[in-house]
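Asks: kindly generate the corresponding structure for this input.
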Amino acid sequence: MFFYIIYIIILLGFALNEIFNSDLNKKTQRNYIGLLCIILLIIHDGFRWETGTDWNGYYYTFLNSLSGSKVMMEPGYLLFNYAIRYITNNYTIFLIIHATIIYTLIIRTIFQHSVAPFLSILCLYCLMLPYLGMNRQYLAMAICIFSIRYIISRRSTYFIFCILIAMLFHISAVMFFIAYFLTKKISLKYFLILIIIAFVISFSNIINTLKFSNILMAGMVSTKSAFYIGVGKTTLLGSLLGTFNRLIWPIFVLLHMEKVKNKDAKFYLFLNISLISAILYIIFNGTSYQIIIARGLLYFNIFQIFLIPYIIYLFKNGLGRLSIFAILCIFYLSMTIKGIRSYQIEGKDDIFIPYKGIFINTEFERRVY
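Replies: This is a model prediction of the structure:
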C-alpha cells in the first residue's frame, strides 16, 4: 500500500497548491506539472508487473497475438495487441504505450474542461486504481472522456465516431451514447421524481423479467474482473452505500446551484452524467443485470472527476474550502481502499498489495489470475 500512498500524497500536494496557491494557476507552471502527472501515471501503469486485474488473460493475449488463435475480445484491442507484438514481445513496452494513450487523452481533456485540473487528477487516480488491469475498458473509457469535447461543441458526427472507436475496445462503451443528450438543466424536483421512479422500478423487480440484448452484455462479462466487482450478490448495506456514494455529491451541487459560477453546457453535462449514474445504479442494482453497474457505469462514474472541483469552489473562505477538501480526500481514499480490498479473495493472492513492478518488489511471488 505504501507505493500507492506515495502517489496519493504527490497528487494531493499538487491539488492543494492549485486550490490555495494562485501561482500554480499560471499556464506554464500548470503545463509542466500536468506533464509530470502524465509521466508519473505512465510509470505507475506501464512499469507494473503481475499487479492488477486480469493479468494472465491480457498477458497471454499479447504474447500469442501473432499466432492467429481465436480470442473472445473486441477487434480493436486485438489489433492494438497485434501491432505492438509485431514490433516487440516485451509486454512492458505494450503497457507503457497503453498507459501513454490513456493518460494523454484523459489529462488533456481534464486540462481543457476541469475547473481544478489537479484535483481532478487526484480523483482520477483514486477512482481508477481499483480497476487497474482492465486494459480494454481503460482504453474505451479514455476515448469516451476525450469525446466530451464533441458533446459540448455539439459535433455529433465526431462524437459518434469516438464512441464507435471506443466500442472496438470494449462493447460496453455503447452505453455512453446517451451522454450526448445530457447537456440541459434538470431541476432538483424532476431529479427527485426520477429517483423515486428508479426506486419503484428497483423494488418491483421488473428488470429481471426483461430480456436485454446479448450484444450489450457480451463485452461486459468477458473478464474475471467483472465477476469480482459486479457479479457477486449485493447486500442491502452494500446497495445503500453504493446509492449514497453516487447521490451525495450531485445532490450537494443541486442544493447549492445558486453559488455555482459559469453554469454552462459542460457543467450540466458533468452534473447530469453523475445523476444518471445514480439512477441507473438504483434501477439495476440487485438484479440479474447488475454486472452493468460494475462495468457499464464506469463511463458515468468517472465523470465525478469533473464535478468534484465545482464543489471546492462553492466555499469562498480558506477554512471552509480546506474542510470540504479534507472530507473529499477521506471519501475518495476510503473508496480506493474499499475497491482494492474487493479483490481480496480467500485462497488467492492479493493482486494489488504490494505493488509489484519491473523495478520494485521484483522478488515478490504472486499467483496471478
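Asks: would you map the helices across the stretch 151-300 of the chain?
Replies: 156-167, 188-204, 214-218, 224-226, 236-255, 265-284, 291-295, 298-301 (DSSP state H, counting those that start in this stretch).
Asks: can you say which of those is nearest to Met72?
Replies: Checking these against Met72 by CB to CB gives helix 214-218 as the closest, at 8.4 Å. In this view, the C-beta of every residue, glycine as well, is placed from N, C-alpha and C.
Asks: output stretch 118-129 as PDB - backbone C-alpha positions only.
Replies: Only the C-alpha atoms of stretch 118-129 are listed here, as PDB (Å, rounded to 0.1, in the frame of the first residue of the first chain):
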ATOM      1  CA  PHE A 118      -5.000  18.700 -10.400                       C
ATOM      2  CA  LEU A 119      -7.900  17.900  -8.100                       C
ATOM      3  CA  SER A 120      -9.500  16.100 -11.000                       C
ATOM      4  CA  ILE A 121      -6.300  14.100 -11.500                       C
ATOM      5  CA  LEU A 122      -6.200  13.200  -7.800                       C
ATOM      6  CA  CYS A 123      -9.800  12.000  -8.000                       C
ATOM      7  CA  LEU A 124      -9.000  10.100 -11.300                       C
ATOM      8  CA  TYR A 125      -6.200   8.200  -9.600                       C
ATOM      9  CA  CYS A 126      -8.400   7.200  -6.600                       C
ATOM     10  CA  LEU A 127     -11.300   6.100  -8.800                       C
ATOM     11  CA  MET A 128      -9.300   4.200 -11.400                       C
ATOM     12  CA  LEU A 129      -6.800   2.400  -9.200                       C
END
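Asks: start at 11, not 1
Replies: Yes, from this point I'll number from 11; that puts the last item at stretch 128-139.
Asks: which residue is nearest the centroid of the chain?
Replies: Centroid-nearest residue in the chain, with CA atoms, centre = their mean: Ile312, separated by 3.9 Å.
Asks: Met151 is in contact with that one, correct?
Replies: Yes - in this structure, Ile312 is within contact of Met151 by CB atoms under 8 Å, at 6.1 Å.
Asks: quick check on Phe374: phi, psi?
Replies: Per-residue torsions, Phe374: phi -70, psi 130 (degrees, to the nearest 10).
Asks: I'd like the distance between it and Leu139.
Replies: In this view, Phe374 and Leu139 are 19 Å apart by CB to CB, to the nearest Å.
Asks: which regions of this structure sit below the pLDDT cut-off?
Replies: Along the chain, the model assigns pLDDT under 70 to residues 32-36, 220-248, 298, 301-304, 379.
Asks: looking at it, which residue lies furthest from center?
Replies: Ser77 (32.3 Å).
Asks: quick one: that one is in a strand?
Replies: No - the assignment for Ser77 is coil, going by DSSP: H, G, I helix; E, B strand; the rest coil, so no strand is present there.
Asks: show me what contacts Ile94?
Replies: By CB atoms under 8 Å, 6 or more residues apart in numbering, Ile94 lies in contact with Phe72, Ile103, Phe104, Ile107.
Asks: now the last one: which helix or strand?
Replies: The reference is to Ile107. For Ile107, the host element (DSSP states H and E) is helix 101-123.
Asks: now the element after that helix, going C-ward?
Replies: helix 127-138.
Asks: elements contacting that next one?
Replies: Contact here means 3 or more CB pairs under 8 Å, 6 or more residues apart in numbering; DSSP states H and E; on that basis helix 127-138 packs against helix 12-30, helix 37-56, helix 101-123, helix 314-322, helix 328-351.
Asks: check the offset of the helix or strand following that helix from the chain's centre.
Replies: Per DSSP H and E, the first helix or strand lying C-terminal to helix 127-138 is helix 145-156. Here the centre of helix 145-156 is set off from its chain's centre by 9 Å, with CA atoms, centre = their mean, to the nearest Å.
Asks: ok, now stretch 198-217?
Replies: With CA atoms, centre = their mean, you get 25 Å for stretch 198-217.
Asks: what residues does it touch?
Replies: Applying CB under 8 Å, 6+ apart, the external contacts of stretch 198-217 come out as 257, 264-265, 267, 285, 288-290, 292-299.
Asks: list buried members of those residues by neighbour count.
Replies: Among those, the ones that count as buried by 16 or more other CB atoms under 10 Å are 257, 264, 285, 288-290, 292-297, 299.
Asks: so which of these comes closest to Lys194?
Replies: Leu285 (11.8 Å).
Asks: can you pull the phi/psi pair for Gly367?
Replies: Backbone torsions for Gly367, taken as degrees, to the nearest 10, come to phi -140, psi -180.
Asks: still on that earlier bit, let me have the helices and strands packed on helix 127-138 in TSV, extended by mean neighbour count and distance to Met144.
Replies: Formatted as TSV, these follow (neighbours: other CB atoms under 10 Å; distance: least, CB to CB, whole Å):
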stretch	mean neighbour count	distance to Met144
helix 12-30	17	17
helix 37-56	16	11
helix 101-123	19	11
helix 314-322	24	17
helix 328-351	15	12
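Asks: dump those to TSV, plus distance to Phe179.
Replies: Shown next, in TSV, are the helices and strands packed on helix 127-138 (distance: least, CB to CB, whole Å):
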stretch	distance to Phe179
helix 12-30	25
helix 37-56	16
helix 101-123	10
helix 314-322	20
helix 328-351	22
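Asks: coming back round to it: show me what contacts the residue nearest to the centre of the chain?
Replies: Ile312 neighbours (CB under 8 Å, 6+ apart): Leu134, Leu137, Met138, Met151, Ile155.
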